[in-house]
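Build me a model:
(one chain, ligands or ions: 1)
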Amino acid sequence: MQINTQSTTPYDDQKPGTSGLRKKVTVFQQTNYLENFVQSIFNSLQDFQGTSLVIGGDGRFFNREAIQIIIKIAAANGFGELIIGQGGLLSTPAVSNLIRINNAFGGIILSASHNPGGPDEDFGIKYNVSNGGPAPEKFTDALYENSTTISEYQIADIVDVDLDSIGQQKIDDLVITIIDPVSDYADLMAKIFDFDLLKNSISYGYITLCFDAMHAITGPYAKRILEDLLGAPKGTVINGIPLEDFGGGHPDPNMAHAEELTNTMFGENAPTFGAASDGDGDRNMIMGANIFVTPSDSLAIMAANAQLIPAYAKGISGVARSMPTSQAVDRVAKKLGLPCFETPTGWKFFGNLLDDGQITLCGEESFGSGSDHVREKDGLWAVLFWLNLVAKKRQSIEDIVNEHWESFGRDIYCRHDYEAVDLDVANGIFDHLRSQLSGLAGQKFSDYTVKYADEFSYTDPVDNSVSHNQGIRIGFENGSRIIFRLSGTGTVGATLRIYLEKYEADSSKHGQDAQEALAFLIDLAEQFCKIKKRTGRTEPTVIT
Ligand code: G16
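Prediction:
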């Protein structure tokens with residue numbers, strides 16, 4: 001094949017965030033923008049010639065065009081095999097699994113996750129390493145350095161590859177393998193969960209369910225697994241066809257955006273089980289009839305009941321949560337005598353702990369949970385975990401949650417997001433917050449005495465790498481916390497997140513509305529950061 005060297009000039013905005021590079025589609029469509037980033041990925045890798053690379057995306061606008069560009073640059077840089085999902089489609093956890101089962105060198109995922117898609121919306125790209133997980137900071141820093149000095153990229157002069165026909169194509173020494181996106185992933189799920197039990201529970205009508213794929217990548221995965229393999233009636237999966245613009249929706253599985261599901265689950269004759277996943281299939285929302293399970297509670301309940309699931313029947317080695325995730329799982333770990341780790345936000349921070357066998361389960365407040373079966377969070381895995389739990393315990397979701405709170409107490413929790421805040425204003429808010437930290441410990445605000453106020457730093461227990469500035473924490477003597485953090489995944493201005501948490505041991509108060517129970521902390525957070533005053537906004541953009 002003919003390989004051309006194309007000269008180029010750097011863009012100055014290619015620093016990957018929490019989850020790769022996310023920008024508007026129009027930014028990615030600029031001359032050489034995607035090409036520069038892809039070549040910078042390969043420039044930061046060594047000894048990959050002749051190895052395999054997995055490529056796939058969530059099907060959003062620009063997915064197919066981007067894949068053709070990546071194929072040509074990967075071919076020119078000497079990869080031996082490209083494993084690509086049919087139609088260019090692969091969920092994020094499926095990419096992670098494919099990297100692992102094929103011993104691939106790595107993978108490229110095209111997605112902006114839960115952000116909207118379409119010509120004027122968001123696109124994204126991220127590189128995953130050979131364990132199947134997101135590249136560590138050391139790699140993304142090197143990649144960024146490369147992108148600031150890049151002067152040329154290599155591109156193969158080949159015709160566009162047919163992405164729709166399953167099978168192998170050869171171009172000189174390069175093998176291009178187009179695979180069914182779902183099969184390997186479905187096989188993995190069948191090994192982890194009790195599919196026979198699930199089939200029976202569904203066919204006897206003990207479990208009735210509704211899964212909202214939000215017109216994103218999990219449509220084909222959920223239809224195959226829930227409807228074809230487990231026998232749920234056709235129509236169980238709603239919004240199941242992946243669309244380039246997600247049908248105009250915002251593929252973020254929370255009650256604000258998964259509106260159809262939420263109305264169903266809080267309506268008359270609600271099914272016993274409801275769930276949704278996001279753009280690229282790594283997030284999940286779990287609901288029961290008239291109840292929503294917070295992601296933090298979900299993680300804690302999974303940890304407490306893991307032994308009921310075949311793959312975890314022998315027990316779990318430990319658990320981890322991101323720093324802003326509630327401390328509910330810590331209580332479970334303490335009771336079960338398990339190690340519990342607190343990491344910065346970002347799935348990549350779980351990778352070393354999983355590889356080292358120090359943890360089996362991990363999760364984040366941002367609707368992500370997962371285990372050592374892959375190295376990404378996994379939306380459908382979490383749904384199947386909960387289905388397996390319901391089938392095994394023969395209890396409703398509501399009863400499972402209430403019983404958990406009864407045993408461990410409830411960590412009442414919510415997150416307030418302020419999106420598209422002017423960058424200077426956001427930086428001003430954080431400077432103002434930082435300036436207060438040193439004087440806060442010991443101060444009393446009504447019944448709340450500040451125990452510590454700091455900026456979270458993390459030392460990885462496996463490789464001792466240190467990550468600074470991972471969010472501002474204000475912790476109180478009674479265990480409550482207020483956390484302020486700037487999102488790493490927004491694409492317009494800054495997104496400021498405020499996380500609020502309070503522990504309630506008294507079971508007569510477990511039914512409280514979270515916003516009401518947290519009202520004092522919500523006011524206190526405003527007192528500290530003055531975001532309403534500084535932005536002129538009266539309400540958060542989203543409350544979850
Ligand atoms: C990504 C990461 C998650 C992280 C989330 C945080 O999620 O994979 O590990 O929790 O970002 O987002 P933010 O920085 O906006 O709070 P995803 O689903 O967008 O890939």
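
Give the burial count for residue 233, as a bare number.
Per other Cβ atoms under 10 Å, the neighbour tally for residue 233 reads 10. Bear in mind the C-beta positions are built from the backbone N, C-alpha and C, glycine included.

Next, count neighbours for the closest residue to it other than its chain neighbours.
Leaving aside its sequence neighbours, residue 233 sits nearest to residue 227 (Cβ to Cβ, 6 or more residues apart in numbering; 7.3 Å). When neighbours are defined as other Cβ under 10 Å, residue 227 has 18 of them.

With residue 334 instead?
So residue 334, with other Cβ under 10 Å, has 12 neighbours.

What strand or helix carries it?
Secondary structure from DSSP states H and E places residue 334 in helix 328-336.

With residue 184 instead?
Going by DSSP H and E, residue 184 is in helix 183-192.

Quick one: list the elements packing against that helix.
Applying 3 or more Cβ pairs under 8 Å, 6 or more residues apart in numbering; DSSP states H and E, one finds that helix 183-192 contacts helix 92-101, helix 379-393.

returning to what we had before: can you point out the buried residues in the helix holding residue 334?
328-333, 336 (16 or more other Cβ atoms under 10 Å).

As JSON lines, these with distance to the ligand and pLDDT would be great.
JSON lines is the format used below for those (distance: Cβ to the nearest ligand atom, whole Å; pLDDT from 0 to 100):
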{"residue": "328", "distance to the ligand": "17", "pLDDT": "98"}
{"residue": "329", "distance to the ligand": "15", "pLDDT": "98"}
{"residue": "330", "distance to the ligand": "18", "pLDDT": "98"}
{"residue": "331", "distance to the ligand": "21", "pLDDT": "97"}
{"residue": "332", "distance to the ligand": "20", "pLDDT": "98"}
{"residue": "333", "distance to the ligand": "20", "pLDDT": "98"}
{"residue": "336", "distance to the ligand": "24", "pLDDT": "96"}
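
now for those residues, which pair is the farthest apart?
Of all pairs drawn from those, the one with the longest distance (Cβ to Cβ) is 328 and 336, at 13.2 Å.

ok so, going back, of the buried residues of helix 328-336, just say which sits nearest to residue 535.
For those, the nearest to residue 535 is residue 328 (30.9 Å; Cβ to Cβ).

Quickly note the distance from the closest one to residue 422.
Using Cβ to Cβ, to the nearest Å, residue 328 is found at 35 Å from residue 422.

Residues of the stretch 1-150 of the chain that sit close to the ligand?
18-19, 113-114 (Cβ under 6 Å from any ligand atom).

give me that answer again for 8 Å
Within the stretch 1-150 of the chain, the positions near the ligand by Cβ under 8 Å from any ligand atom are 17-20, 92, 111-115, 126, 134.

swap in the chain?
17-20, 92, 111-115, 126, 134, 278-280, 282-283, 322, 345-348, 364-368, 376-377, 485-490, 495, 497.

again, 6 Å this time
Contact residues, the chain versus the ligand (Cβ under 6 Å from any ligand atom): 18-19, 113-114, 282-283, 322, 345-347, 364, 366, 368, 487-489, 497.

re the thing from before, next, format the residues of the stretch 1-150 of the chain next to the ligand as JSON lines and append neighbour count.
As requested, those are exported to JSON lines (neighbours: other Cβ atoms under 10 Å):
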{"residue": "17", "neighbour count": "18"}
{"residue": "18", "neighbour count": "18"}
{"residue": "19", "neighbour count": "23"}
{"residue": "20", "neighbour count": "24"}
{"residue": "92", "neighbour count": "31"}
{"residue": "111", "neighbour count": "33"}
{"residue": "112", "neighbour count": "29"}
{"residue": "113", "neighbour count": "27"}
{"residue": "114", "neighbour count": "25"}
{"residue": "115", "neighbour count": "23"}
{"residue": "126", "neighbour count": "26"}
{"residue": "134", "neighbour count": "27"}
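
Which of the residues you listed fall in helices?
Among those, the ones falling in helices (DSSP state H) are residue 92.

which residues in the stretch 301-450 of the chain form helices?
Under the criterion DSSP state H, counting those that start in this stretch, the stretch 301-450 of the chain contains helices at 328-336, 351-355, 379-393, 397-408, 423-437.

Buried deepest among those helices, which one?
helix 379-393 (a mean of 24; mean count of other Cβ atoms under 10 Å).

Let's test this: mean pLDDT of that one, rounded?
Helix 379-393 carries an average pLDDT of 98.

Quick one: distance of it to the chain centre.
18 Å (Cα atoms, centre = their mean, to the nearest Å).

so what's the residue nearest to residue 304 when sequence neighbours are not counted up against?
The spatially closest residue to residue 304, leaving aside those adjacent along the chain, is residue 332, at 4.6 Å (Cβ to Cβ, 6+ apart). With contact taken as Cβ atoms under 8 Å, 6 or more residues apart in numbering, residue 332 is in contact with 300, 303-304, 319, 338, 408.

who wins for neighbours among those residues?
When the contacts of residue 332 are compared by neighbour count (other Cβ under 10 Å), residue 300 ends up highest, at 30 neighbours.

pretty sure that one is in contact with residue 325, am I right?
No: counting by Cβ atoms under 8 Å, no contact exists between residue 300 and residue 325, whose distance comes to 9.5 Å.

Closest residue of the stretch 51-200 of the chain to the ligand?
Ranking the residues of the stretch 51-200 of the chain by distance to the ligand (Cβ to the nearest ligand atom) places residue 113 first, at 3.3 Å.

Assess the claim that that residue and residue 126 are in contact.
No: contact criterion Cβ under 8 Å: residue 113 and residue 126 do not qualify, at 9.4 Å.

Which residues are in contact with each of those two?
Joint contacts of residue 113 and residue 126 (Cβ under 8 Å, 6+ apart) are residue 19.

Can you list which of the contacts of residue 332 are found in strands?
residue 319 (DSSP state E).

list the contacts for the residue nearest to residue 233?
So residue 227 contacts 233-234, 236-237 (Cβ under 8 Å, 6+ apart).

Of these, which is the most crowded?
residue 237 (23 neighbours).

For residue 324, give me the pLDDT.
Reported pLDDT for residue 324: 98.

Let me see the backbone angles for it.
phi -80, psi -10 (degrees, to the nearest 10).

what about residue 368, how many neighbours?
26.

Grab the nearest non-local neighbour of it.
Nearest one to residue 368, counting by Cβ to Cβ, 6+ apart, is residue 377 at 3.5 Å.

Would you confirm that the one you found contacts residue 280?
No: checked against Cβ under 8 Å, the pair residue 377 and residue 280 is beyond contact range at 10.1 Å.
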